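Student: sequence first, predicted coordinates after that:
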Amino acid sequence: GADATRGGRRERAKMQGVEKINAELFTLTYGALVRHLLSDLEAVDEVNKQLDQMGYNIGIRLVDDFLAKTNTGRCRSFKDAARTIAEVGFKMFLGITAKISQWNDDETECRMSFHENPLIDFVELPEKLQNLSYCNIMCGVIRGALEQISMRVEVAIEKDPLKGDQAFELSMKLIEYAAEEYPFKDD
């Protein structure tokens, strides 16, 4: 009994170590990607757009993985989807939990904030790159993921510790619930 408990604890500790290494590897790889985009595209606005588009493409694919691994039911509202992203999605993919706040009256706009952001762990923005939205990939991921469940949204970075803010904050705005498109015709 005691040996099985120790073995289980050891396995969990080993997995947490692997997850930590994976997170750091991802962070460093993401930094290299951003550096590469900056050298290729030169214009910071173009890099911001490219990071958003890459995130969008990732978000489209992450939804299936997320739904398969979490056994989460379909989100019935934008508020439900935002809460699920903040509490489950960020935990699953980045190991952090975000907080949702500042809902408008019709629950179509909110803010998502978090104090930890592994993407910026080893990052300092030089003065000449203050217009770079280093974590713009997150905006795209959320946009792509929500579009897959028929919600068109706008997502923007409002606060960024790389620019002197205390926490990282995204604004999210529901544009519309899109009609589901089926790949087959009903005859």
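Tutor: Yep, it's here.
Student: tell me what L174 is bridged to.
Tutor: Taking DSSP bridges, one obtains V153 as the residues bridged to L174.
Student: strands along this protein, start to end?
Tutor: Listed from the start of the chain, the chain has strands (DSSP state E) covering 99-101, 109-114, 151-159, 168-177.
Student: in TSV, list those strands along with distance to G73 and mean neighbour count.
Tutor: C-beta coordinates here come from the backbone N, C-alpha and C atoms, glycine included. Compiled in TSV, these are given as follows (distance: least, Cβ to Cβ, whole Å; neighbours: other Cβ atoms under 10 Å):
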stretch	distance to G73	mean neighbour count
strand 99-101	18	14
strand 109-114	21	18
strand 151-159	15	17
strand 168-177	17	18
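Student: low-confidence stretches in this protein?
Tutor: For the chain, applying pLDDT under 70 flags the ranges 1-23, 180-187.
Student: centroid residue for it?
Tutor: The C-alpha lying nearest the average C-alpha coordinate of the chain belongs to M138 (Cα atoms, centre = their mean; 4.0 Å).
Student: measure that one to A86 for me?
Tutor: Taken as Cβ to Cβ, to the nearest Å, the spacing of M138 relative to A86 amounts to 12 Å.
Student: is it possible to export the strands of the chain to CSV including distance to K79?
Tutor: Putting the strands of the chain into CSV (distance: least, Cβ to Cβ, whole Å) gives the following:
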stretch, distance to K79
strand 99-101, 8
strand 109-114, 8
strand 151-159, 11
strand 168-177, 9
